[in-house]
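1. structural data only, the sequence is not supplied:
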């Protein structure tokens, strides 16, 4: 199925572009000139999450932000499982397509939430093309914290799966809970409108299951990220009030994986750092990679 929604150009002043992957039609934006940066979103968001960062960076960077299949304006293809390794495969195809078409060497990756494992899965396979890594409020190893494992089990249970599919629980409850100030009605509408039905939300519903189900992929990333990407310059932009990826347990593992790192703490930001602190994030990217 395709999504019938036109974003407000006042909020999302970008040209929509499309990539026909082997699994379905993917929506993306490609804005600005300069060194390329690939911006990978998490759950239940889409490229709209990065809008203010793209506006701040596009004078200096080429900002490429895809919507995974099942998210944003991308298709919801029949037969697609919405598993993390499938998303990584499709985003990898997309990166290879852009590389063949116009060259995408020396790109920076940015990932938050599930964008961390997805961007890292893409990057470890193309390490020779990766210039640097930006990670914020994310992870790339098997879930070993009790609260994270419980979150996956609870959100995978029949009552919560029903709430996600039929009441848009992730958008209606977790986006407001994961932001410092509740987003405006217009912003919330851009998250609601791309998840209009239970059928459209299958990708959102699968992601919390993947915290545990994607264990083999995450175990591979725990080994391969330090081995293949650990020498790259890294930037960690961290929402210090996040309930999901608390800095205490998470940042030391990030630092250990990437010795050449800079940490920028976002003292008031919660989980959705792109909503809470876009200007600070953009400035940190310019200082590190501009």
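-> Nice, I can see it. Please read all numbers here as calculations on a predicted model, not as lab measurements.
2. helix or strand right after the helix or strand where residue 204 lies?
-> According to DSSP states H and E, residue 204 maps onto helix 202-213. Moving toward the C-terminus from helix 202-213, the first helix or strand encountered (DSSP H and E) is helix 215-224.
3. now the angle from that next one to helix 202-213?
-> Interaxial angle of helix 215-224 relative to helix 202-213 (axes from the mean of the first three to the mean of the last three Cα atoms, to 10 degrees): 70 degrees.
4. contacts for helix 215-224, please.
-> With contacts defined as Cβ atoms under 8 Å, 6 or more residues apart in numbering, helix 215-224 is touched by 84-85, 88, 117, 120-121, 124, 139-143. All C-beta spots, glycine's among them, are computed from the backbone N, C-alpha and C.
5. 6 Å instead, please
-> With contacts defined as Cβ atoms under 6 Å, 6 or more residues apart in numbering, helix 215-224 is touched by 84-85, 120, 124, 140-142.
6. now it: buried residues?
-> Buried positions in helix 215-224, judged by neighbour count with 16 or more other Cβ atoms under 10 Å: 217-218, 220-222, 224.
7. how many other residues sit next to residue 11?
-> 15 (other Cβ atoms under 10 Å).
8. dump the residue contacts of residue 113.
-> Going by Cβ under 6 Å, 6+ apart, residue 113 touches 42, 138.
9. and the gap between it and residue 87?
-> Taking Cβ to Cβ, to the nearest Å as the measure, residue 113 falls 12 Å from residue 87.
10. which residues touch the most centrally placed residue in the chain?
-> Nearest to the geometric centre of the chain sits residue 41, at 2.0 Å (Cα atoms, centre = their mean). Residue 41 makes contact with 49, 115 under the criterion Cβ under 6 Å, 6+ apart.
11. so where do the helices sit in the stretch 1-150 of the chain?
-> For the stretch 1-150 of the chain, applying DSSP state H, counting those that start in this stretch gives helices covering 51-57, 84-102, 115-124, 146-155.
12. export these to a markdown table and tack on mean pLDDT and distance to residue 9?
-> Below are those laid out as a markdown table (pLDDT from 0 to 100; distance: least, Cβ to Cβ, whole Å):
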| stretch | mean pLDDT | distance to residue 9 |
| --- | --- | --- |
| helix 51-57 | 98 | 11 |
| helix 84-102 | 96 | 24 |
| helix 115-124 | 98 | 24 |
| helix 146-155 | 95 | 34 |
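13. now tabulate these in TSV and tack on mean neighbour count and distance to residue 37.
-> Output for those, formatted as TSV (neighbours: other Cβ atoms under 10 Å; distance: least, Cβ to Cβ, whole Å):
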stretch	mean neighbour count	distance to residue 37
helix 51-57	22	7
helix 84-102	18	12
helix 115-124	27	11
helix 146-155	14	28
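14. and those helices as TSV, adding distance to residue 187?
-> What follows is these, written out as TSV (distance: least, Cβ to Cβ, whole Å):
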stretch	distance to residue 187
helix 51-57	9
helix 84-102	24
helix 115-124	19
helix 146-155	23
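15. looking at the ones you listed, which is nearest to residue 286?
-> Counting by Cβ to Cβ, residue 286 lies closest to helix 51-57 out of the helices of the stretch 1-150 of the chain; the figure is 7.1 Å.
16. need the strands for the stretch 1-150 of the chain, in chain order.
-> Under the criterion DSSP state E, counting those that start in this stretch, the stretch 1-150 of the chain carries strands at the ranges 17-20, 25-31, 36-40, 62-66, 107-112, 130-136.
17. so which of those strands comes closest to residue 246?
-> Of all the strands of the stretch 1-150 of the chain, strand 130-136 sits nearest to residue 246, with 13.2 Å by Cβ to Cβ.
18. partner strands of the closest one, with direction?
-> Strand pairing for strand 130-136, using DSSP bridges, gives strand 107-112 (parallel), strand 234-239 (parallel).
19. then residue 250 would be within a helix, right?
-> Yes: counting by DSSP: H, G, I helix; E, B strand; the rest coil, residue 250 is part of a helix.
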